[in-house]
Structures are given as structure tokens and as C-alpha cells.
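Peer 1: Okay, here's the prediction I keep looking at, along with the sequence it came from:
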Amino acid sequence: MVVLCAAIAEPNWFHITGGECKYFDHKELLHLGAQQFFYDGSFLKPYNKEISTIYRYGNRNSELLINCVTKPIVKAMKAILTLCILAFLFSLIQFSLDLISPADKGFRFARRNGMFSIFSAVTIVVICGLCYHVAESLHKFQRNLKSSGGNQVMIRFDISFYLISAAGGCSIFSTAANILYLRKFYRTPRRIFENELGPPIFSDVQPPPYESPPPYEP
């Protein structure tokens, strides 16, 4: 859960080198992060021919991304953030089940088999796939905007992607630990009850033959 929170809070998801992505003041933008897609942003009409897209990501008029993203990229980033929150909720539910140890049969099954950790790991795999799709879309968009000459466009994953990957690894490790440990050592109340009411372990063992002692001789 901590790693997922750090990934969402970290502003650096993608590192852009050699592209045409800029802020409102035409300062070069090197990183795209979650904070630019939390709000319900909107696309504005370009005011000259050199600008392809203008995305307003905040409440202020100066919070603009120029030639940075397209509508499919924005939708994919919002989907990534939604899935991050969903993975966090799955991890929180699994942590609560491990902490409370409910007696309900369904919850006990989910806890012993790490079901919500599995859901979290699968969600993170989908997130990583979407991140790859966003990186490819960013590279294609920036390459199309790039004029002849100049530096080569490069899109790299930044720290948040690696934090998300680490969170997925933690979920898999947690699931494996739950299954291996609880399968070996966990005894349900039903099994204890059956052992107490069952037949004795040594019920079929016959006692040794009895022999009387020899007669007493003074």
C-alpha cells in the first residue's frame, strides 16, 4: 500500500527528451506525472499553427500543456490513475482481512488464499501494460511534431513506473507467503473439532500379553 501511494504521489511517470512538449510559458516539459491528470481537464483551441494541442490540466489559466498529449493519452493516464486506486483498495482489503481474521467462510477463504493480493497484482500488470501504451503513443506524437533535425525524441519510464512494478512484486510475494504458510500451519476450528471427537489414535493397538509373576519362594 505504501509503495502504491508513493507511486501515485510521485510526479514523474514519463521522462521526455528532445520533444516539443512545453508549459504555458514555453518552458520545456521533461516529465509527465499523475498530478497533471487528476483534474477533469479540457483541450483548448490552438492559437497559432505551430501548436498542435493545448491541454488545460488545472483550474488556473496558466496550467497548460502545449504539444504534450492527445485525447487517447489523457484517457489512458486517467485509466492508469483509476487502476492505481483500485489496486490500493485491493491491498487495503487484504491487509484488513489478515489483521482482523474474520470467521465468515468466504472471507476466510479469501484471506487464506490471498485473493485480493492476486487481484492487486493482476491490476498492476494491466497498469504496466497501459504505461507501455502511453509511452509508445507519446513517442509517436512527439516524433510527428518534431521538425527536421534536432535531437532525437526519447520517452523513458520514470520512478513511478518502477514503484508500481515493485508494488506488483510485493503483491505476488504476499500471495505466495499466504498460500505457503497458511496451507502448512493453519488449522481450522472444524479440523480441531473433528480431531477431538474422532477415534483415539492408538485404538487399534493391542496391549502386550499379561503374564502372572512366578510364585514367591522364601
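Peer 2: Perfect, thanks for sending it. Numbering: from 1, shown residues only.
Peer 1: The residue nearest in space to the middle of the chain: which element?
Peer 2: Taking C-alpha atoms, centre = their mean as the criterion, Ile124 is the residue nearest the geometric centre of the chain, at 3.7 Å. In the assignment (DSSP states H and E), Ile124 maps to helix 115-145.
Peer 1: Helix or strand with the lowest mean pLDDT in the protein?
Peer 2: Across the helices and strands of the chain, mean pLDDT, DSSP states H and E gives its lowest value to helix 189-197, namely a mean of 48.
Peer 1: coming back round to it: please point out which parts of the helix holding Ile124 sit buried.
Peer 2: Across helix 115-145, burial judged by 16 or more other C-beta atoms under 10 Å covers 115-121, 123-125, 127-128, 131, 134-135, 137-139, 141-142, 145. All C-beta atoms are positioned from the backbone trio N, CA, C, and that covers glycine.
Peer 1: Please apply the same query to stretch 146-163.
Peer 2: Of the residues in stretch 146-163, those scored as buried under the neighbour-count criterion (16+ other C-beta under 10 Å) are 146, 153, 155, 157-161, 163.
Peer 1: Go through the residues you listed and say which is closest to Ile93.
Peer 2: Of all the buried residues of stretch 146-163, Ile93 sits closest to Leu163, with 20.6 Å by C-beta to C-beta.
Peer 1: hang on, the earlier thing: for the residue nearest to the residue nearest to the centre of the chain when sequence neighbours are not counted, the count of nearby residues, please.
Peer 2: In space, Ile124 comes closest to Gly168 once its chain neighbours are excluded; the distance is 3.6 Å by C-beta to C-beta, 6 or more residues apart in numbering. Gly168 has 21 neighbours, counted by other C-beta atoms under 10 Å.
Peer 1: can you check Leu81 too?
Peer 2: Neighbour count of Leu81, defined by other C-beta under 10 Å: 15.
Peer 1: to the chain's geometric centre, what's the distance from the next helix or strand after the helix holding Ile124?
Peer 2: For helix 115-145, the succeeding helix or strand toward the C-terminus, using DSSP H and E, is strand 154-157. Distance of strand 154-157 from its chain centroid, counting by C-alpha atoms, centre = their mean, to the nearest Å, is 21 Å.
Peer 1: Same question for stretch 43-61.
Peer 2: Its chain's average C-alpha position is 32 Å from that of stretch 43-61, according to C-alpha atoms, centre = their mean.
Peer 1: any idea how far Ser96 is from Phe116?
Peer 2: In this structure, Ser96 lies at 9 Å from Phe116, with C-beta to C-beta, to the nearest Å as the measure.
Peer 1: What strand or helix carries the residue nearest to Ile124?
Peer 2: Gly168 belongs to helix 159-185 when elements are defined using DSSP H and E.
Peer 1: Just confirm Ile118 contacts Phe173, I think it does.
Peer 2: No - between Ile118 and Phe173 no contact is recorded; they are 12.0 Å apart, counting by C-beta atoms under 8 Å.
Peer 1: Next, the buried residues of stretch 65-80.
Peer 2: By 16+ other C-beta under 10 Å, the buried positions in stretch 65-80 come out as 65-70, 73-74, 76-77, 79-80.
Peer 1: And the closest residue in space to Val3 that isn't next to it in sequence, how far from Ala87?
Peer 2: Spatial nearest neighbour of Val3, excluding adjacent residues (C-beta to C-beta, 6+ apart): Ala167 at 4.1 Å. For Ala167, the distance to Ala87 under the criterion C-beta to C-beta works out to 7 Å.
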